[in-house]
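*Asks:* Below is the structure, and that's it, no one-letter string:
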């Protein structure tokens, strides 16, 4: 019985140590979450400016960019935004499962890219090859990371290596509401919108008007339009990176909070078991003493 109480006491100490770690990770994730949300909110004014300028040009010209060319999809690039670290609940597995839906169509060849090694492992377990070009940039992304990704896919699209480029990321609705989402970045399509944010379903309808632009373009409208579309792609990727980063920290914070809460419940049960075992030991010792005293009479 004494050995039993020692085992329980050892478990209590182990769980207490784990709870200290999970509690610390929860605090760290909370701090990172606040920082990432501020950065995410800061991208919206720039995105709106670029988007409005592009739609203004499109509404007043017949010019198109190669990046807007819609063609039959035979080769698709899928960029999965996952994390470098675990202990984030269902964050990584949910976004990978969303990406796997694209593989239902056997007529399209899918090329998988990722921003985090966790999705590399998950995809390889399912037998899919993954390009590791953009790993190790997810947790604290900068605009240069997005520009590198955007430039790579824009060039491949113009060279007709890929006919479509999609991003699979985690959309942050609130701390308790995270959902995997898909955004098509190439071919680039633009429609008039009503302040609802980034258009999730691009339908390639271009609204024309008789409005005349009161400025000139150098070297040409198509050159300016192409450059602005590239900037739009970059800021869209950056926004997805930041939103995924926010979602990752929110998911990890929730996971660590739940782990700490579960640890507290386990500790309560172990303390009860320890007290029962200790009481049983004391009762047995008293019984032995009384029994020995009776034997001496």
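*Replies:* Everything's here; your move. Since the structure is predicted, the reported quantities are computational estimates derived from the model, not experimental observations.
*Asks:* can you give me the strands for the protein?
*Replies:* Remark: strands assigned in the chain by DSSP state E are 75-80, 109-114, 130-131, 164-174, 177-186.
*Asks:* Just checking the distance from the third one to the centre of its chain.
*Replies:* On the basis of Cα atoms, centre = their mean, to the nearest Å, strand 130-131 is displaced by 18 Å from the centre of the chain it belongs to.
*Asks:* how about the nearest residue to residue 236, chain neighbours excluded?
*Replies:* residue 185 (5.7 Å; Cβ to Cβ, 6 or more residues apart in numbering). No exception for glycine: its C-beta is placed from N, CA and C like everyone else's.
*Asks:* Measure how buried that neighbour is and give me the count.
*Replies:* 26 (other Cβ atoms under 10 Å).
*Asks:* before we move on, the earlier item: the strands of the chain: lowest mean pLDDT?
*Replies:* Across the strands of the chain, strand 130-131 has the smallest mean pLDDT, namely a mean of 81.
*Asks:* Run through the neighbouring helices and strands of that one.
*Replies:* strand 109-114, helix 117-125 (3 or more Cβ pairs under 8 Å, 6 or more residues apart in numbering; DSSP states H and E).
*Asks:* Pipe the ones you listed into CSV and attach mean neighbour count per row.
*Replies:* What follows is the helices and strands packed on strand 130-131, written out as CSV (neighbours: other Cβ atoms under 10 Å):
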stretch, mean neighbour count
strand 109-114, 20
helix 117-125, 18
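*Asks:* that older thread, would you list the strands of the chain in CSV and tack on distance to residue 276?
*Replies:* As requested, these are arranged in CSV below (distance: least, Cβ to Cβ, whole Å):
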stretch, distance to residue 276
strand 75-80, 50
strand 109-114, 50
strand 130-131, 52
strand 164-174, 43
strand 177-186, 41
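*Asks:* Out of these, which gets nearest to residue 67?
*Replies:* strand 177-186 (6.3 Å; Cβ to Cβ).
*Asks:* Tell me which residues of the closest one come out buried.
*Replies:* 178, 180, 181, 182, 183, 184, 185, 186 (16 or more other Cβ atoms under 10 Å).
*Asks:* Just give the nearest non-adjacent residue to the first one, would you?
*Replies:* On the basis of Cβ to Cβ, 6+ apart, the spatially nearest residue to residue 178 that is not a chain neighbour turns out to be residue 247, at 4.8 Å.
*Asks:* Tell me which residues touch the nearest residue to residue 26 once chain neighbours are set aside, please.
*Replies:* Take residue 26 and drop its neighbours on the chain: the residue closest to it by Cβ to Cβ, 6+ apart is residue 256, 3.9 Å away. Counting by Cβ atoms under 8 Å, 6 or more residues apart in numbering, residue 256 makes contact with 22, 23, 25, 26, 29, 87.
*Asks:* and of those residues, the nearest to residue 145?
*Replies:* The shortest approach to residue 145 among the contacts of residue 256 belongs to residue 29, at 21.1 Å (Cβ to Cβ).
*Asks:* Enumerate every residue touching the closest one.
*Replies:* 249, 250, 252, 253, 256.
*Asks:* thinking again about what came up before, tell me, what's the model's pLDDT at the residue nearest to residue 26?
*Replies:* Reported pLDDT at residue 256 in the predicted model: 85.
*Asks:* What distance do you get for it to residue 25?
*Replies:* Note on residue 256: its distance to residue 25, by Cβ to Cβ, to the nearest Å, is 5 Å.
*Asks:* again with residue 273
*Replies:* Between residue 273 and residue 25 the distance is 27 Å, computed by Cβ to Cβ.
*Asks:* Also residue 278?
*Replies:* With distances defined as Cβ to Cβ, the gap from residue 278 to residue 25 amounts to 33 Å.
*Asks:* still on that earlier bit, want to throw the helices and strands packed on strand 130-131 into JSON lines with distance to residue 45?
*Replies:* JSON lines is the format used below for the helices and strands packed on strand 130-131 (distance: least, Cβ to Cβ, whole Å):
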{"stretch": "strand 109-114", "distance to residue 45": "28"}
{"stretch": "helix 117-125", "distance to residue 45": "31"}
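*Asks:* Go through these and name the closest to residue 147.
*Replies:* strand 109-114 (15.5 Å).
*Asks:* Thank you, goodbye.
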